[in-house]
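Asks: The following comprises the amino acid sequence and a computationally predicted model.
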Amino acid sequence: MLSIGSSTQGASERYIQTYGCSWLRQIMDVAIVKGYHALDGIIFSAGTCDSLQNVSDIWRKVFPSQWAYNLTFPVLIDTKAAVEYFQNEFETLIQQISVKFPDNPRGFTISDSIKLYNTKRINLQKLASLVSERKLKFRDFFKILLLGDILPVESINLYLHTRIKYIDNSALLDLPDSPRLLLTGGMFDNFRLFDEIPEFDYIVTEDLSFGARNYKFSIPQSGFLQGYAQAYLERIPDPTAFDMEKRWKSLEDAIRHHRVDGVILLGIKFCDPDSFEFVSIQNNLKEMDIPFLILETTPDLSNIQQIQTRLLAYIEMLS
């Protein structure tokens, strides 16, 4: 989670388009005022929303000394041509990194990295299952999820292994009669929302862009570039992938597997890709007789009280 305050807020106004979302503005605000000095470079996904597609050129202008690269995702993902195209994108990226950063002091190979990150994904899947079993609060799971994007992968794997063994032997949480909720949505990474609204502890599974969509898959160890491309294109798609049938199938499976009573879509205000899903998901949930709640917020949680009020009313309706 990025901290935002009076010293950083608004610094990106002269660079970001008027339709740029609050999440993107927050990243640029912090970068301009405080800087991401620990980074050697940055890779942009050029197959996402309009705001992110344009920010790489802005980034190069604002930070000309920092290496930046565009990795373009294919839009139609369920084709052989898409896999071949994406594989070629990874090959080009590896070549670029090898030229820009020829030294590899740790001696790591891509195969080593795939193995480490597959282990991390498996551990996160195990930890997520403990949320569904109600042995771990969702708020604590979400903090660990974000921690996994900060710590070195070796460190987070050791931590996850130890934490899973400890929690697995713990008693169930005291939530016996509460509804079981599924949380879906996009670019949200502020755990304060779940800390300050205890009703989010009713969440038993999630399907967030920064969550399950990043750990509910694995990469083959052999033929890694083709396997890497294939695995990424077969994972739970985001709205920008235009594969609503596959998107809905993953949600339906999660609803049935985790015995979900209600679905919450948590979106960032003015994030158009999240809005693409609203109507389709809502219509499918009506057929399943699953109540649906849409909550929109900003990274700084300026409407947190309103969110709590709406969530309480939703839970009361489910009870």
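Replies: Happy to help now that I have it. Quick caveat: nothing in here was measured; it's all calculated off a predicted structure.

Asks: For this structure, just list every one of the helices.
Replies: When secondary structure is read from DSSP state H, the chain shows helices at 22-33, 50-62, 80-100, 110-132, 138-147, 153-168, 192-196, 212-215, 224-234, 244-257, 272-288, 304-318.

Asks: Return the list of helices and strands in contact with the second one.
Replies: Okay, so that is helix 50-62. Using 3 or more Cβ pairs under 8 Å, 6 or more residues apart in numbering; DSSP states H and E as the contact criterion, the neighbours of helix 50-62 among helices and strands are helix 22-33, strand 41-45, strand 67-71. For every residue, glycine as well, the C-beta is placed using N, CA and C.

Asks: Nearest to K115, out of those?
Replies: Taking Cβ to Cβ, strand 41-45 is the member of the helices and strands packed on helix 50-62 nearest to K115, at 20.8 Å.

Asks: Strand partners (parallel or antiparallel) of the closest one?
Replies: Paired with strand 41-45 in the same sheet, following DSSP bridges, are strand 67-71 (parallel).

Asks: Buried residues of the strand it pairs with, list them for me.
Replies: Buried residues in strand 67-71, defined by neighbour count with 16 or more other Cβ atoms under 10 Å: L71.

Asks: where are the low-confidence patches of the stretch 51-200 of the chain?
Replies: In the predicted model of the stretch 51-200 of the chain, residues 104-108, 175-176 satisfy pLDDT under 70.

Asks: returning to what we had before: present the helices of the chain as JSON lines; the columns should include distance to D40 and mean neighbour count.
Replies: Conversion of the helices of the chain to JSON lines gives the following (distance: least, Cβ to Cβ, whole Å; neighbours: other Cβ atoms under 10 Å):
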{"stretch": "helix 22-33", "distance to D40": "15", "mean neighbour count": "20"}
{"stretch": "helix 50-62", "distance to D40": "14", "mean neighbour count": "17"}
{"stretch": "helix 80-100", "distance to D40": "8", "mean neighbour count": "14"}
{"stretch": "helix 110-132", "distance to D40": "16", "mean neighbour count": "17"}
{"stretch": "helix 138-147", "distance to D40": "22", "mean neighbour count": "19"}
{"stretch": "helix 153-168", "distance to D40": "17", "mean neighbour count": "14"}
{"stretch": "helix 192-196", "distance to D40": "30", "mean neighbour count": "16"}
{"stretch": "helix 212-215", "distance to D40": "22", "mean neighbour count": "20"}
{"stretch": "helix 224-234", "distance to D40": "21", "mean neighbour count": "17"}
{"stretch": "helix 244-257", "distance to D40": "34", "mean neighbour count": "16"}
{"stretch": "helix 272-288", "distance to D40": "29", "mean neighbour count": "16"}
{"stretch": "helix 304-318", "distance to D40": "36", "mean neighbour count": "14"}
